[in-house]
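Build me a structure from this.
(chains A and B)
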Amino acid sequence: MFDLKIIRDNPDAFDHGLARRGKPPQTPAILALDKEWRAAQTKAEVLQAERNKLSREIGAIKSKGGDASDIMRRVAESKEEEGKLEAEASRLKADIDALLSGIPNLPADDVPEGKDEHGNVFVRDHGVKPTFSFKPKDHVALGEGLGQMDFARAGKLSGARFVVLRAGLARLERALGQFMLDLHTREYGYTEIAPPLLVRDETAFGTGQLPKFADDLFKTTNGMWLIPTAEVPLTNLVADEIVDEASLPHRLTAWTPCFRSEAGAAGKDTRGMIRQHQFNKVELVSIAHPDHSNDEHERMTRCAEEVLKQLELPYRVMLLCAGDMGAAACKTYDIEVWLPGQDAYREISSCSNCGEYQARRMNARFRPKEGKRTRFVHTLNGSALAVGRAMVAVLENHQREDGSVAIPNVLRPYMGGLEVLRPDG
RNA sequence: GGAUGGGUGGCCGAGCGGUUUAAGGCACCGGUCUUGAAAACCGGCGAGGGUGCAAGCUCUCCGUGAGUUCGAAUCUCACCCCAUCCGCCA
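Numbering: from 1, shown residues only, chains lettered A, B, ... in the order given. Prediction:
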């Protein structure tokens, strides 16, 4: 959501930003409506001011017991005209807001050009891809070989894009989530939150899922939305609030299920656990001071990377190009983990600085010590990590020729000391 | 789900058709006093929009949305949320 003023002041720069995302210019339509709206608004206010003045006179006359019927008639006459202008002004404003609420965030200056993932830029990598003396299996073969990953029965219960985990893998899933939460809360100062998984329209609007991306979400029969990520409830904690400047940044984390309809992904990643309707994720959210959100973004990305380092998983960090970013972001790093079973890097985290885009939508501000006006906070979010994909990565990277899987050191305390997953487990 | 009582500025809280231009307090900011601080006293202090070079003028906002009225925080209706009790329930 944007400030109309920056569009008025610099329409070309605004449209240029949209063009970098591959979007057509929006400012001509907006500015035309804006001009009409301001004209109607100004006219309506003149009439309102006049009426307010006369009504006050009526009050004064009546309180003295006088006859005000003359003035009352004059006010009544201008009422219809005023009503029309007010209605027109509010209709025009609603039209403008509808346009504005569908426009994605503008890319930051240091975001590379590009229209899709091919435009993304390598930033750094870490770890060494494992070499195998045998042909590495993918996580489906490994999981089913262990007898602990069951897509057939998940299909019976729920259909495609679900999985049933049992025994060692079920516990590994839980271990991963716990390990990540402990890392972020103990080492990096994030506060653990257990948020609602169902949210209202306003909440989904605040982070930008609504109005444009309703198709990606599941909706309950009473009109609520299942969260597609804990970013939604965590970020909205500051909605409609004026927070204390000294309290920034707020660093929040949550381990939650996420629900996605995957409406646009028919036929994509149909095999395995990569793309599910339901998955667990540990999310990081920062509510940051606008002057420090860039540093916070780098820090958050490092927090996510640390999970992979400790899990002994090779990865690379990519800076997304303008055309590949999510709608709310002005800058995004994706972290891609190496998957030997796919012989490819796959996204396991996405860390975004949303600037004030979401803060404006949800009206989240702080009062600066210097200066009188409130300012919008900056919001950031990152996965750290997607637990299902992390499990896939652990299985594929730490597999052995006999189909067993070594459990990374840092997870062993969470697995009751277990060092290897074997079919009997 | 039923009943009752409520939602007022950063916070608390008064107001329940017309000097409300939303009292008062807390917090915060500035000043006086003080060696310094505290206390006390004095002053300032809501948000958003329109207009204007500016000073300013002006509009909107008392949970949300409609309505009644010349005039609504105040009256009506619907909805949302909170509290308490009852019912149901993990």
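
and the residue of chain A nearest RNA strand B?
Residue of chain A nearest RNA strand B, by Cβ to the nearest atom of the strand: residue A:59 (2.8 Å). Placement of C-beta: from N, CA and C, glycine included.

Report how many residues lie close to that residue.
11 (other Cβ atoms under 10 Å).

repeat for residue A:151
18.

Find the nearest non-adjacent residue to it, please.
With Cβ to Cβ, 6 or more residues apart in numbering as the criterion, residue A:151 has its nearest non-adjacent residue at 5.8 Å, and that residue is residue A:163.

Could you verify my assumption that the one you found touches residue A:148?
No - counting by Cβ atoms under 8 Å, residue A:148 is not a contact partner of residue A:163; they are 10.3 Å apart.

re the thing from before, what's near enough to touch the residue of chain A closest to RNA strand B?
Applying Cβ atoms under 8 Å, 6 or more residues apart in numbering to residue A:59 gives no contacts.

Where does it fall, secondary structure wise?
Following DSSP states H and E, one finds residue A:59 within helix A:27-63.

how about the next helix or strand after that helix: buried residues?
Sequence order places helix A:69-101 as the next helix or strand after helix A:27-63, per DSSP H and E. By neighbour count with 16 or more other Cβ atoms under 10 Å, helix A:69-101 contains the buried residues A:72, A:75, A:82, A:85, A:86, A:88, A:89, A:92, A:93, A:95, A:96, A:100.

These: which ones sit near RNA strand B?
A:72, A:75 (Cβ under 7 Å from any atom of the strand).

Let me know the closest of the buried residues of helix A:69-101 to residue A:31.
Nearest to residue A:31 out of those is residue A:96 (Cβ to Cβ; 9.8 Å).

For burial, what's the neighbour tally of the spatially closest residue to the closest one that is not a sequence neighbour?
Of all residues beyond its chain neighbours, the one nearest residue A:96 is residue A:33 (5.1 Å), with distances taken as Cβ to Cβ, 6+ apart. For residue A:33, the neighbour count with other Cβ under 10 Å is 18.

Is it correct that residue A:33 is in contact with residue A:94?
No - taking contacts as Cβ under 8 Å, residue A:33 lies outside contact range of residue A:94: 10.1 Å.

what about residue A:337, neighbour count?
27.

For my notes, confirm it occurs in a helix.
No - applying DSSP: H, G, I helix; E, B strand; the rest coil, one finds residue A:337 to be strand, outside a helix.

Report the beta-bridge partners for it.
Residue A:337 forms beta bridges with residue A:315, residue A:346, as assigned by DSSP bridges.

do the same with residue A:165
Counting by DSSP bridges, the residues bridging with residue A:165 are residue A:149.

what pLDDT does it get?
Residue A:165 carries a pLDDT value of 96.

Could you pull up the residues touching it?
Residue A:165 touches A:143, A:148, A:149, A:150, A:172, A:173, counting by Cβ under 8 Å, 6+ apart.

Give the full set of residues in contact with the fourth one.
What that stands for is residue A:150. So residue A:150 contacts A:144, A:163, A:164, A:165, A:166 (Cβ under 8 Å, 6+ apart).

How many neighbouring residues does residue A:163 have?
21.

Next, format the buried residues of helix A:69-101 as CSV and append pLDDT.
Shown next, in CSV, are those (pLDDT from 0 to 100):
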residue, pLDDT
A:72, 80
A:75, 81
A:82, 82
A:85, 85
A:86, 85
A:88, 86
A:89, 86
A:92, 88
A:93, 88
A:95, 88
A:96, 89
A:100, 89
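
want to try a markdown table for the buried residues of helix A:69-101, with distance to residue A:283 as columns?
Formatted as a markdown table, those follow (distance: Cβ to Cβ, whole Å):
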| residue | distance to residue A:283 |
| --- | --- |
| A:72 | 60 |
| A:75 | 56 |
| A:82 | 49 |
| A:85 | 47 |
| A:86 | 43 |
| A:88 | 43 |
| A:89 | 41 |
| A:92 | 38 |
| A:93 | 34 |
| A:95 | 35 |
| A:96 | 33 |
| A:100 | 27 |
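
Could you work out the most separated pair of the buried residues of helix A:69-101?
Farthest pair in the buried residues of helix A:69-101, by Cβ to Cβ: A:72 and A:100, 40.5 Å.

Residue A:367 against residue A:377, yeah?
No - assessed by Cβ under 8 Å, residue A:367 is found out of contact with residue A:377, at 11.0 Å.

Which one of those two is surrounded by more residues?
residue A:377 (29 against 13).

was I right about the more buried one contacting residue A:292?
No - in this structure, residue A:377 is not within contact of residue A:292 by Cβ under 8 Å, at 10.6 Å.
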